[in-house]
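> Got a predicted model here, sequence first, then my questions.
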Amino acid sequence: MDITITDERHGATGRYHLVVDGDDVGELDYRDGDGRRVFTHTGVRPSLEGQGLAAQLVRRGLDDAREEGLEVVPQCSYVAAYLARHPEDTDLVATTD
């Protein structure tokens, strides 16, 4: 299985694309503002669910946010669940003002 994740940005919004064997099969949507990256949606095609692909998308998103010095807001339930399973990344979560 050949897996590629690309990041497509349009101003303050963006989408990570998950490409498996040449087919676009998943996405992680976000928007940036005020030093934060808000993850709004994660999806993987039903035929590929349960293979850890959504986790790879979120991992990439969190790594990029860390590299860019952004806090994260896990608006998407999958991202929130991922962070609950990976407490080593909770330092990225934005605190309330």
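That came through fine.
> Going along the chain, name the strands of the chain.
Secondary structure of the chain by DSSP state E: the strands cover 3-10, 13-20, 23-33, 36-44, 71-74.
> For the ones you listed, give me JSON lines that also has distance to Leu83, mean neighbour count and mean pLDDT.
(Each C-beta comes from the backbone N, C-alpha and C, glycine too.) Shown next, in JSON lines, are the strands of the chain (distance: least, CB to CB, whole Å; neighbours: other CB atoms under 10 Å; pLDDT from 0 to 100):
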{"stretch": "strand 3-10", "distance to Leu83": "18", "mean neighbour count": "12", "mean pLDDT": "96"}
{"stretch": "strand 13-20", "distance to Leu83": "16", "mean neighbour count": "17", "mean pLDDT": "97"}
{"stretch": "strand 23-33", "distance to Leu83": "13", "mean neighbour count": "18", "mean pLDDT": "97"}
{"stretch": "strand 36-44", "distance to Leu83": "10", "mean neighbour count": "20", "mean pLDDT": "97"}
{"stretch": "strand 71-74", "distance to Leu83": "6", "mean neighbour count": "20", "mean pLDDT": "97"}
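> With respect to Asp91, which of these lies nearest?
strand 71-74 (9.2 Å; CB to CB).
> Let me see the residues that make contact with that closest one.
If you take CB atoms under 8 Å, 6 or more residues apart in numbering as the criterion, strand 71-74 is touched by 35-39, 61-62, 65, 79-80, 82-83, 92-95.
> For Gly14, see how far away Gln56 is.
Noted for Gln56: a distance of 17 Å to Gly14, by CB to CB, to the nearest Å.
> what do you get for Phe39?
For Phe39, the distance to Gly14 (CB to CB) stands at 10 Å.
> And for Asp7?
6 Å.
> Verify the contact between Thr42 and Leu83 for me.
No: using CB atoms under 8 Å, Thr42 is not in contact with Leu83, being 12.0 Å away.
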